[in-house]
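Participant: A predicted structure for the sequence below; I have some questions about it.
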Amino acid sequence: MKSTCRVYGAVVAAMVLALSPAAAAVADDPSAAPSPLPTQAYATIEAKKQLNVGSAAQSVDVSWMFWDGGAQVPAPRNETLVIDAHDLAGIASVAVDDPRCKRDGQVVTCVNRDSSQQRSVAFTLRADRGAAPGASGPITYTIRADHATGTTAKATVVAGIPKLIVGTVPDVTHARIGSRIDVPLRLRNTGDLATDRRVMLRWESLGGLVFDRKYSNCAYGEGDEPGEPDSRTSVTCVFPTGPDSVPAGTTVKLGSPLTARVGRHVLTAVTDYSVELLEPGEKPGGGSHQGSGPPLTLVRASGAGGKFENGTEGRFTVGADNSADLAAEVTAKPGRRAGGWTLDINAVNHGPASAYGTDDNPSPLSMSSCPGARSRPATLTWKRRTARTARAFSGTTAARRHLLRRGTGTTCAPCRSASRQARASCSNCG
């Protein structure tokens, strides 16, 4: 009987495995085995991997934390951070102003006696006098604590700071619907060191521009309805160090301009652009569509090159040779005071362009007037009341765009006058 039972059990097991191949695969996968829980917390350090320093003191932050994977281990105590900069002799000097920290030459030791104390330290680095631009060395961070596993992290400190600013891109006017426009850009390095990290350029547009996906080192992002005014588009391009590095004091430009198509409902498209130096290992993000064709490059620019912005960001607009035909629909109802009226104003757009705002700015002022009354401007704000209204706003209806904006309210009330004839003034109540 015992032999029969064993055979029966083996048959059932074989049937289960035959019917559940996925289960068999999981069982054979060593990664599916549960990991043992830690017996004590383990530390992680968060800090920049590269630090560029100049003659002025530069603030640096380093932070840490402990993890236990839900094992309910004892809390770490006597947390100690050591900032070791002894390899930076002749390159940079470290200083700290924190009561938890003590400095011994180029080594700083900070201790948290209480678990409620902040798990971060701010210190400063300053390039040594006579440090050659580009000279570099490591700085080491070490964290240890009772009842915890310590860890170490390193960063590279470089004497000299690259500083990129963007050129001013002129606005475009009277762009033909459906045409393509060039989007040029210049960069200038006003720092004392060539760019030693990847350069990232980003364009973000609202209003109906659609960028051509031409370059393999650029990622393109689009909304649900490309070319419609309320659909955001973006381009993010990353340039490696080496041939695309920007030497100190020089100006570069795009090897070829970006190109963008002007959507059919564009009135005025707004594009923000920026430049950034990426940290080592940092992912640039951006759009989900990678461009095709050769990579976009940066080339040396000749001449003064026009105006430049004061920093890393700029903006330009594209005004289309288009118009929006707006009309007002007004419903009047008696106001709270005798002789007063409240006007409910709806704006109707007969196209062909879509009327829209940018940066949450209101629409252009509308003029509301009562018979025989003074007129005051009333600001209209967006109010999408139905799905049809939202689609109309984006300009996707075939014939005419209907309600785009709704008035915040305009009140007409009698005003004081020596005349017996009543007068009323209209003012925005929003």
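Facilitator: Looks like it arrived, so ask away.
Participant: Do you have the helices of this structure handy? List them.
Facilitator: Ranges of helices within the chain are 2-19, 21-28, 387-394, based on DSSP state H.
Participant: Mean pLDDT lowest where, among those?
Facilitator: Ranked by mean pLDDT, these bottom out at helix 387-394, which scores a mean of 30.
Participant: Low-confidence ranges, the stretch 1-150 of the chain, go.
Facilitator: 1-36 (pLDDT under 70).
Participant: So which residues of the stretch 101-250 of the chain form strands?
Facilitator: Assigned by DSSP state E, counting those that start in this stretch, the stretch 101-250 of the chain shows strands spanning 101-104, 107-112, 120-127, 136-146, 148-149, 151-159, 164-166, 172-175, 180-183, 186-189, 199-206, 209-211, 218-222, 232-239.
Participant: which residues sit in contact with A327?
Facilitator: Contact analysis of A327 by CB atoms under 8 Å, 6 or more residues apart in numbering lists 347-350. The C-beta positions use only the backbone N, C-alpha and C, and glycine is treated the same way.
Participant: 6 Å instead, please
Facilitator: V348 (CB atoms under 6 Å, 6 or more residues apart in numbering).
Participant: Could you give the bridge partners of it?
Facilitator: Taking DSSP bridges, one obtains V348 as the residues bridged to A327.
Participant: State the pLDDT value of it.
Facilitator: At A327, the pLDDT value in this model is 80.
Participant: and the strands of the stretch 101-250 of the chain as JSON lines, adding mean neighbour count?
Facilitator: As requested, the strands of the stretch 101-250 of the chain are exported to JSON lines (neighbours: other CB atoms under 10 Å):
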{"stretch": "strand 101-104", "mean neighbour count": "13"}
{"stretch": "strand 107-112", "mean neighbour count": "18"}
{"stretch": "strand 120-127", "mean neighbour count": "19"}
{"stretch": "strand 136-146", "mean neighbour count": "18"}
{"stretch": "strand 148-149", "mean neighbour count": "20"}
{"stretch": "strand 151-159", "mean neighbour count": "18"}
{"stretch": "strand 164-166", "mean neighbour count": "20"}
{"stretch": "strand 172-175", "mean neighbour count": "15"}
{"stretch": "strand 180-183", "mean neighbour count": "16"}
{"stretch": "strand 186-189", "mean neighbour count": "21"}
{"stretch": "strand 199-206", "mean neighbour count": "21"}
{"stretch": "strand 209-211", "mean neighbour count": "25"}
{"stretch": "strand 218-222", "mean neighbour count": "21"}
{"stretch": "strand 232-239", "mean neighbour count": "22"}
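Participant: how about TSV for those strands, with distance to K48 added?
Facilitator: Formatted as TSV, the strands of the stretch 101-250 of the chain follow (distance: least, CB to CB, whole Å):
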stretch	distance to K48
strand 101-104	19
strand 107-112	17
strand 120-127	11
strand 136-146	10
strand 148-149	23
strand 151-159	6
strand 164-166	18
strand 172-175	38
strand 180-183	32
strand 186-189	20
strand 199-206	16
strand 209-211	31
strand 218-222	24
strand 232-239	18
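Participant: so V172 bridges to which residues?
Facilitator: Going by DSSP bridges, V172 is paired in beta bridges with V318.
Participant: so it makes contact with F316?
Facilitator: No: counting by CB atoms under 6 Å, F316 is not a contact partner of V172; they are 7.3 Å apart.
Participant: What about the residue lying closest to T156 once chain neighbours are set aside, how many residues nearby?
Facilitator: The shortest distance from T156 to any non-neighbouring residue, by CB to CB, 6 or more residues apart in numbering, is to Q50 (5.0 Å). Q50 has 16 neighbouring residues, counting by other CB atoms under 10 Å.
Participant: Next, the nearest residue to P243 once chain neighbours are set aside: phi, psi?
Facilitator: Among residues not flanking P243 along the chain, T297 sits closest, at 7.3 Å (CB to CB, 6+ apart). Dihedral pair for T297: phi -120, psi 170, per degrees, to the nearest 10.
Participant: Between the two ends of stretch 309-318, how far is it?
Facilitator: End-to-end distance of stretch 309-318: 18 Å, with CA to CA, to the nearest Å as the criterion.
Participant: got it, and stretch 59-78?
Facilitator: Terminal residues of stretch 59-78 are spaced 25 Å apart (CA to CA).
Participant: do the same with stretch 98-117
Facilitator: 12 Å.
Participant: Relative to the whole chain's centre, how far out is that stretch?
Facilitator: Its chain's average C-alpha position is 35 Å from that of stretch 98-117, according to CA atoms, centre = their mean, to the nearest Å.
Participant: and S234, bridged to which residues?
Facilitator: Using DSSP bridges, the bridge partners assigned to S234 are E204, G221.
Participant: got the contact list for it?
Facilitator: Shown in contact with S234 (CB under 6 Å, 6+ apart): 204, 221, 287.
Participant: so the first one touches D272, yeah?
Facilitator: Meaning E204. Yes: judged on CB under 6 Å, E204 makes contact with D272 at a distance of 5.1 Å.
Participant: that older thread, report the separation between the residue nearest to P243 and Y215.
Facilitator: According to CB to CB, to the nearest Å, T297 and Y215 sit 9 Å apart.
Participant: Which one's more surrounded, these two?
Facilitator: Neighbour count, other CB under 10 Å: between T297 and Y215, Y215 has more, with 23 against 16.
Participant: so what's the nearest residue to that one once chain neighbours are set aside up against?
Facilitator: Leaving aside its sequence neighbours, Y215 sits nearest to L296 (CB to CB, 6+ apart; 3.9 Å). Contact analysis of L296 by CB under 6 Å, 6+ apart lists 215, 217-218, 237.
Participant: Would you mind checking which of those is nearest to V111?
Facilitator: Of all the contacts of L296, C237 has the smallest distance to V111: 45.5 Å, by CB to CB.
Participant: Spit out the contact partners of the nearest residue to that closest one once chain neighbours are set aside.
Facilitator: Computed as CB to CB, 6+ apart, the closest residue to C237 that is not its neighbour in sequence is C218, at 4.1 Å. By CB under 6 Å, 6+ apart, C218 lies in contact with 235, 237, 291, 296.
Participant: Swap in 7 Å and give it another go.
Facilitator: By CB atoms under 7 Å, 6 or more residues apart in numbering, the residues touching C218 are 235-237, 291, 296.
Participant: same thing with R176?
Facilitator: By CB under 7 Å, 6+ apart, the contact list for R176 reads 262, 321.
Participant: when you give positions from now on, start the count at 47
Facilitator: Shifting the count to begin at 47 puts that one at R222.
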